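1. sequence first, then the predicted structure, then my questions.
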Amino acid sequence: MRYLTLYINLFFISSLFAQEVASIKGVIFDNSNLKPISGANVYIVDSDLGTVSNESGTFSLSLNDLKKNEIKISMIGFKDTTLFVNHKNIKNKYKIFLIPKTIQMSGVTVHSHEKSKGNVAPSSISMIGNKLKKNIISDLATTLTGESGIAVRSSGQATQRPILRGYSGDRFLITSDNFELGDMSNSTADHAVSMEISSAESIELIRGPETLVYGSNTVAGIINILSPIYKQKKLDNSKYKLLMGHESSNQSNLLSANINIPLKSYQIFTNYTKRTARDQSSPLGDLKNTALMKDDFTFAITKFGQKNYTTLQIKDFAMDYGIPGSPEGHINGVDLKLKNLSQKLLYHGDINFSSFKFLELEQCYIKYGHQEFVKDANYASVDLKQNIFCLNASLTGENLKIGANYQNRNYLTRGFIWTPNSEESKISLFGITNRDAGNLSLQFSGRIEHRSIKPSVGDSFFSNIDPSDVKKRSFTLMSLGASAINKWNNSSMYNHILYTSRAPKIEDLFSDGPHLGSYSYEIGEPNLNAENTLGFENTLSFFNEKNTINLTTYLNYSSNFHIFQKLGDGYETGADWIEWGSGSSGWLYKYKLKGIESIIYGFEPNMKLNLKYFNFLSNASICRGLDLENNMPVAYIPPDLIRFQIEKNIKFLNNTFEVILASKQDKLGEFETSTNGYQLLNYKCSYTISKNENIHQFIFQVTNILNETYYNHLSKIKMIMPEPGVGANLNYTVNF
């Protein structure tokens, strides 16, 4: 209640300050389909003033010299446009339409290849353009922090992974350009996400029936990271981008460069990014053994045809990182290494077959490795590998998309781990369609999938699992979704229902070994059945030309919710722990995979108000989980969170002032410890200038300004690892 009172007070107080500054406001559209364009560069000619359009295509540019009235708008793939402003009669909002470039050479025609998006759940989130650039910090999860329904799971600064509405693991997918990353970050907390967030052009969090295009169990949604080569457009000139950044809280340095070169009907793209960081600082001192190093290299070549294009991509991602020591487990910490080498081939063609307009064929191969070392050891205690081969095919029309997917996964283990080598294969069919009936828009989707898991048990040894239970398992899964949105003049109502089915992974069934970085020993359940979830979501929206308010509620019921639960606590002889690494002075707690009947539900209000002198934004995330079998809370549910933001252009700066309030979390599962609430004050700003047709952008952030000491409730080692204290971050980007 005190947070709600503060929410109301801040809203009214914020409307009383700031001084009016003359500015140009507008919305940028794609002339071919009237959709907003984000990430377009807007700047005043012969001046240092500029900005970038946001995810809804809008921009606001302060005027400090009314005599300069020539404003240039540029965007890759579109023709440059110039807006001439009459300073004596400035409009409230300009509408600007950019014309796509159509390049013809030797019979080659380049199309925009735009796809129909259909219904979009109002709870879906898009971060693009200036909004994304101002929020990028270190990794994907931290960048998304504060958005509705998103929390962070971590075992150190390198292992941050998003949690969606209390769901972890593979109950949602993280994809890059619609492909799964192919890492093991969805298996346990010490496995890092194998991507560098600074390379992203945009991030979209998708919820609703559309998610079944990606997988069978997507009850929490999809996080799709889009790279610069997604929907690549043919350029007429080479494009270059250089990014440099620094973060003070961990002395992180970032260097990234990409090159986009057109060669007749071909186009070559290369990108290299390197990030290094020292031990993470906190208000209580540095956290030893938390340094990291990332190397990310991408090469892609695209061939454009008259009505198609084909892209071959090679990506090499490597990461070394550490996790701090603990009185439990390894006193001096754990060192980890991962490598993700992937090859992807995409064919996209314009067709005229029945009602279908696009054909896409995709193939990928991923070779992934993960190693865990006791600090300063010269051999890996845990060595995990997986090789993934996949094929996708889809046909897309205006209101219909159908497709098929095949994937084969080989899982290999070495070292002090007894999970058997296994082979997993799956084949699936999916479809989604949209229909309109007056003011009512409908969407229906479905996916059927057959998955088999075959463990190799001939030469395997098991420490905690009965060998007779380790055998081939097969699952046939059916997932269905439907949504409806009814729109009126200034309001709408959205509802969706999802029935999702999730087969247990190899790790869920047969895990028998340690995860050193999360200080846990995980034991699977070979007889585990599929996890089926029935989910409902409702959003009431109220809007006009300037303001939007969304009120979202959701409820998900599962009869067999899979969760690793701690078997005991404290240093007690017996089955609750095993000695590991540091002998009698340390141990790993045992966690056993169980299936429980559960309900997870929540409330996510958000609003955006375009007031006279500034924009006011706020959102909240309230999530509850109930273990119906034991009549107690589900473990690892994030605390309640409220975020307030004020966006204000002051002369040449685009500013965001942010307050994040988190509640105490004392709704706990068995053996879970509570965490106190906290308050964070952050500041972010961007400054864009144009010099000689080159676009320069500076992003400055100050996080945790009050140097608050707080702990991440979703970390298994939270009591030895407070979150970062006050930090200053600076990024510089130049496009030329």
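-> That came in fine, so what should we check first?
2. what bridges to the residue lying closest to Gln232 once chain neighbours are set aside?
-> Spatial nearest neighbour of Gln232, chain neighbours left out: Thr302 (5.1 Å); criterion: Cβ to Cβ, 6 or more residues apart in numbering. To be clear about C-beta, it is placed using only N, CA and C from the backbone, and glycine gets the same treatment. As for beta bridges, Thr302 partners with Gln267, Thr311 under DSSP bridges.
3. before we move on, what about Lys385?
-> Gly369, Leu412.
4. that one reaches Leu341, doesn't it?
-> No - with contact defined as Cβ atoms under 8 Å, Lys385 does not reach Leu341; the gap is 11.3 Å.
5. any residues in contact with both of those two?
-> Overlap of the contact sets of Lys385 and Leu341 (by Cβ atoms under 8 Å, 6 or more residues apart in numbering) consists of Lys367, Tyr368.
6. quick one on the thing from earlier: which ones are touching the residue nearest to Gln232?
-> Neighbouring residues of Thr302 by Cβ under 8 Å, 6+ apart: Ile229, Gln232, Tyr266, Gln267, Ile268, Phe269, Tyr309, Thr310, Thr311, Leu312.
7. for it, give me the pLDDT.
-> As predicted, Thr302 sits at a pLDDT of 96.
8. for the longest strand along the chain, the distance to its chain's centre please.
-> In the chain, with assignment by DSSP state E, the single longest strand is strand 587-610. For strand 587-610, the distance from its own C-alpha centre to the chain's C-alpha centre is 17 Å (Cα atoms, centre = their mean, to the nearest Å).
9. all helices of the stretch 501-650 of the chain, in order?
-> Ranges of helices in the stretch 501-650 of the chain, per DSSP state H, counting those that start in this stretch, are 506-510.
10. since we're on the residue nearest to Met632 when sequence neighbours are not counted, how many residues are nearby?
-> Nearest residue to Met632, sequence neighbours excluded (Cβ to Cβ, 6+ apart): Gly669, at 6.6 Å. Gly669 has 18 neighbouring residues, counting by other Cβ atoms under 10 Å.
11. isn't Leu243 up against Leu255?
-> Yes - counting by Cβ under 8 Å, Leu243 does reach Leu255; the two are 7.4 Å apart.
12. where do the contact lists of these two overlap?
-> Residues touching both Leu243 and Leu255 (Cβ under 8 Å, 6+ apart): Thr273.
13. more neighbours: these two, which one.
-> Leu243 (22 against 14).
14. tell me which helix or strand the more buried one sits in.
-> Under the criterion of DSSP states H and E, Leu243 resides in strand 239-247.
15. quick one, the helix or strand that that strand is followed by and strand 239-247 angle?
-> Reading on from strand 239-247 to the C-terminus, the next helix or strand found by DSSP H and E is strand 252-263. Inter-element angle recorded for strand 252-263 and strand 239-247: 170 degrees (by axes from the mean of the first three to the mean of the last three Cα atoms, to 10 degrees).
16. still on that earlier bit, how close does the residue nearest to Gln232 sit to Tyr347?
-> As judged by Cβ to Cβ, to the nearest Å, Thr302 and Tyr347 stand 11 Å apart.
17. how about Pro724?
-> Taking Cβ to Cβ, one finds Pro724 at 44 Å from Tyr347.
18. these two: which is more packed in?
-> The neighbour comparison of Pro724 against Tyr347 (other Cβ under 10 Å) goes to Pro724, with 23 against 16.
19. for my notes, confirm that one occurs in a strand.
-> No - under DSSP: H, G, I helix; E, B strand; the rest coil, Pro724 sits outside any strand and is assigned coil.
20. how about it, what does it touch?
-> Counting by Cβ under 8 Å, 6+ apart, Pro724 makes contact with Gln157, Ser249, Asn250, Gln280, Ser281, Ser282, Thr703, Asn704.
21. would TSV of those with distance to Ser558 be doable?
-> Output for the contacts of Pro724, formatted as TSV (distance: Cβ to Cβ, whole Å):
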residue	distance to Ser558
Gln157	32
Ser249	38
Asn250	38
Gln280	35
Ser281	40
Ser282	36
Thr703	36
Asn704	36
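22. that older thread, okay, and the common contacts of Thr302 and Tyr347?
-> Shared contacts of Thr302 and Tyr347, counting by Cβ under 8 Å, 6+ apart, come down to Tyr309, Thr310.
23. mean confidence score for the longest strand of the chain?
-> Rounded mean pLDDT across strand 587-610 is 90.
24. who's the most centrally placed residue in the chain bridged to?
-> The residue lying closest to the centre of the chain (Cα atoms, centre = their mean) is Ile223, at 4.3 Å. Ile223 forms beta bridges with Ile174, Leu205, as assigned by DSSP bridges.
25. so it versus Val120, what's the distance?
-> Distance from Ile223 to Val120, by Cβ to Cβ: 15 Å.
26. hang on, isn't the residue nearest to Met632 packed against Leu626?
-> No - the criterion here is Cβ under 8 Å, and Gly669 misses it with Leu626 at 10.5 Å.
27. okay, and the common contacts of the two?
-> Common neighbours of Gly669 and Leu626, using Cβ under 8 Å, 6+ apart, are Met632, Pro633, Val634.
28. what residues are up against the last one?
-> With contacts taken as Cβ under 8 Å, 6+ apart, Val634 has the following neighbours: Gly166, Phe561, Ile563, Ile596, Ser598, Ile600, Gly625, Leu626, Asp627, Gly669.
29. quick check: closest non-adjacent residue to it.
-> Here the residue nearest Val634, using Cβ to Cβ, 6+ apart, is Gly625, at 3.0 Å.
30. ok, the one you found - contacts?
-> Residues in contact with Gly625 (Cβ under 8 Å, 6+ apart) are Gly166, Ser598, Ile599, Ile600, Pro633, Val634, Ala635, Ile637.
31. out of these, the closest to Phe84 would be?
-> Gly166 (52.3 Å; Cβ to Cβ).
32. can you give me the strands in the stretch 351-500 of the chain?
-> If DSSP state E, counting those that start in this stretch is used as the criterion, the strands of the stretch 351-500 of the chain fall at 356-374, 382-397, 400-415, 422-437, 440-455, 473-487, 491-502.
33. just put those strands in JSON lines and tack on distance to Gly322, mean pLDDT and mean neighbour count.
-> Listed next are the strands of the stretch 351-500 of the chain as JSON lines, based on distance: least, Cβ to Cβ, whole Å; pLDDT from 0 to 100; neighbours: other Cβ atoms under 10 Å:
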{"stretch": "strand 356-374", "distance to Gly322": "9", "mean pLDDT": "94", "mean neighbour count": "19"}
{"stretch": "strand 382-397", "distance to Gly322": "15", "mean pLDDT": "95", "mean neighbour count": "19"}
{"stretch": "strand 400-415", "distance to Gly322": "18", "mean pLDDT": "94", "mean neighbour count": "18"}
{"stretch": "strand 422-437", "distance to Gly322": "29", "mean pLDDT": "94", "mean neighbour count": "17"}
{"stretch": "strand 440-455", "distance to Gly322": "32", "mean pLDDT": "95", "mean neighbour count": "19"}
{"stretch": "strand 473-487", "distance to Gly322": "36", "mean pLDDT": "95", "mean neighbour count": "18"}
{"stretch": "strand 491-502", "distance to Gly322": "32", "mean pLDDT": "95", "mean neighbour count": "20"}
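34. how near is the residue nearest to Arg473 when sequence neighbours are not counted to Thr419?
-> Of all residues not flanking Arg473 in the chain, Ile453 sits nearest, at 5.0 Å (Cβ to Cβ, 6+ apart). Ile453 sits 12 Å away from Thr419, going by Cβ to Cβ.
35. please enumerate the shared neighbours of the two.
-> Counting by Cβ under 8 Å, 6+ apart, the residues touching both Ile453 and Thr419 are Ile506.
36. could you measure the residue nearest to the centre of the chain against Asn250, distance?
-> Distance from Ile223 to Asn250, by Cβ to Cβ: 24 Å.
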